[in-house]
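# sequence and predicted structure are below.
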Amino acid sequence: MAQLTIYLPDTIESKARKAAKAKGKSVSKWVAEEILRSLDDAWSSDVLDAAGAIPDFPSLKQIRAGSGADVHREPLG
């Protein structure tokens, strides 16, 4: 595991320490998790768990059914 030194303004360090303490984690562990979370480009587990949670939600076809036909558009350029 790599070791990293970072420099933070006192106000940010204080907030980071409070956030880590509130989560019951060391500052190092909290910072590592926050960095990992910010680098992760996948959907969060909360979003994935919500997928399909509304069984009677209309399909895209049903939503567009009352919209009528698209208007003819001139090509760009």
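Okay, I see it. Numbering: from 1, shown residues only.

# next SSE after the one helix or strand in the chain whose mean pLDDT sits lowest?
One helix or strand of the chain scores below all others by mean pLDDT, DSSP states H and E: helix 45-50, with a mean of 83. Using DSSP states H and E, the helix or strand that follows helix 45-50 towards the C-terminus is helix 60-64.

# so which bits of that following helix are buried?
Within helix 60-64, no residue counts as buried by 16 or more other Cβ atoms under 10 Å. In short, each C-beta sits where N, CA and C put it, glycine included.

# other SSEs contacting it?
Packing partners of helix 60-64 (3 or more Cβ pairs under 8 Å, 6 or more residues apart in numbering; DSSP states H and E): none among the helices and strands.

# for the record, mean pLDDT for it?
Computed over helix 60-64, the mean pLDDT rounds to 85.

# how far does that helix sit from the chain's center?
Between the centre of helix 60-64 and the centre of its chain there are 27 Å (Cα atoms, centre = their mean, to the nearest Å).
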